[in-house]
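1. kindly return the folded structure for what I paste below:
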Amino acid sequence: MAFDSPRLTPSHRFANGWSAPAPAKINRFLHIIGRRDDGYHALETGFQFVDWCDEIHLELATQTELIDDPLGLGTANLVVTAARLFFEVTQITGGCRIYLEKQIPDGAGLGGGSSDAATTLVMLNALYHNPLTTDALMALGRRLGADVPIFIYGRSAFATGIGDCCVPEAWGGSTVLIATPAVKVETRAIFSHPKLTRDTPSCRIRASQLELTQNDCEPVVRECFPSIDQLFHILIPFGKPQLTGTGSSVIVIDPDQSQRDALAVASTLASIHIAALTETSVLYNSDATA
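-> Next up is the predicted model:
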């Protein structure tokens, strides 16, 4: 189970509000093992958290509204959808005002929008004294998107289903280099691509078996986006580049940070961020119990 003690601090955006981090995730691997009857792909993946975060500011109110809209999505933003779903399911009368501070790039395979939605659900649940269990919150998150449950779960995990059935697994590593070019990869386009591998054998991967894994979306993304393929070649001096999720970001675990010349070249093609890897989500207090 995930932690039940979110890290809430007084908001500097709302006089009577609270804030909480919405961390990014990476996929240590992503195997597509088939198609499901509901149209989704059956996945096996390794989720791990990083300490690079958006920040959600939330104040209870009579109706739900997004005060700051950095992505220009309006009511289609998942934080609004998540808040409205929470009030609908719990039948609590009211709403909330939300201010979203974005740091995680959109469409990068880092789960930013899903994390924002998850943090919104977790915050509301805490502020209303936990009317929903963690399992119920994860089920609610599943209705918003396949990546939302892992952020509610709050632990690095081996995940199956559509990425929503989680078993704890510590993947190791201390830092990650995240290179994000100025392109947006649409998940739907990658999953519908005719060249996508959809028959990787199912296998319960452990941390010791990571060398045997891959991201099945990587060949398609590299073929469709030459700038991402170029970035892979440039990042080789840092270690082993790999794609995270179905997005545009290329990652290197525990990179060789002495490669200054390679870093300068990579910085001309992508935004570079080096973050700490965490086995538990920074959304939750470190002294909470599982």
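
2. F225 and T246, how far apart?
-> 12 Å (Cβ to Cβ, to the nearest Å). (Each C-beta comes from the backbone N, C-alpha and C, glycine too.)

3. T180 now?
-> Taking Cβ to Cβ as the measure, T180 falls 14 Å from T246.

4. and F225 and T246? which has more neighbours close in?
-> Under the criterion of other Cβ atoms under 10 Å, the comparison of F225 against T246 puts T246 first, with 24 against 16.

5. how far away is E211 from Q242?
-> Distance from E211 to Q242, by Cβ to Cβ: 12 Å.

6. so where do the helices sit in the stretch 101-250 of the chain?
-> Here the stretch 101-250 of the chain has its helices, by DSSP state H, counting those that start in this stretch, at 112-127, 134-144, 148-153, 187-191, 218-224, 226-234.

7. who's in contact with the residue minimising distance to the centre of the chain?
-> Among the residues of the chain, the one closest to the centroid is G111, at 2.5 Å (Cα atoms, centre = their mean). Shown in contact with G111 (Cβ atoms under 8 Å, 6 or more residues apart in numbering): A24, K25, I104, D147, I150, F151, G245.

8. what do you get if the cut-off is 7 Å, keeping everything else the same?
-> A24, K25, D147, F151 (Cβ atoms under 7 Å, 6 or more residues apart in numbering).

9. could these go into TSV alongside pLDDT, neighbour count and distance to G95?
-> Output for the contacts of G111, formatted as TSV (pLDDT from 0 to 100; neighbours: other Cβ atoms under 10 Å; distance: Cβ to Cβ, whole Å):
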residue	pLDDT	neighbour count	distance to G95
A24	98	28	27
K25	98	25	28
D147	94	28	25
F151	98	27	22
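
10. if I look at the residue nearest to the centre of the chain, how far off is P255?
-> Note on G111: its distance to P255, by Cβ to Cβ, is 21 Å.

11. how many neighbours does the closest residue to A189 other than its chain neighbours have?
-> Of all residues not flanking A189 in the chain, C224 sits nearest, at 7.8 Å (Cβ to Cβ, 6 or more residues apart in numbering). Number of residues near C224 (other Cβ under 10 Å) recorded here: 16.

12. and for E211 and Q242, which residues touch both?
-> Between them, E211 and Q242 share no contacting residue, judged by Cβ under 7 Å, 6+ apart.

13. for the two, indicate the residue with more neighbours.
-> Q242 (21 against 6).

14. now the more buried one, which residues is it bridged with?
-> Taking DSSP bridges, one finds I251 as the beta-bridge partners of Q242.

15. roughly how far does it sit from P70?
-> Distance of Q242 to P70, given as Cβ to Cβ: 28 Å.

16. kindly report the same for H57.
-> 12 Å.

17. what's the span of stretch 196-209, first residue to last?
-> End-to-end distance for stretch 196-209, by Cα to Cα, to the nearest Å: 23 Å.

18. buried residues, that stretch. List them.
-> Buried residues in stretch 196-209, counted by 16 or more other Cβ atoms under 10 Å: L196, T200, I205.
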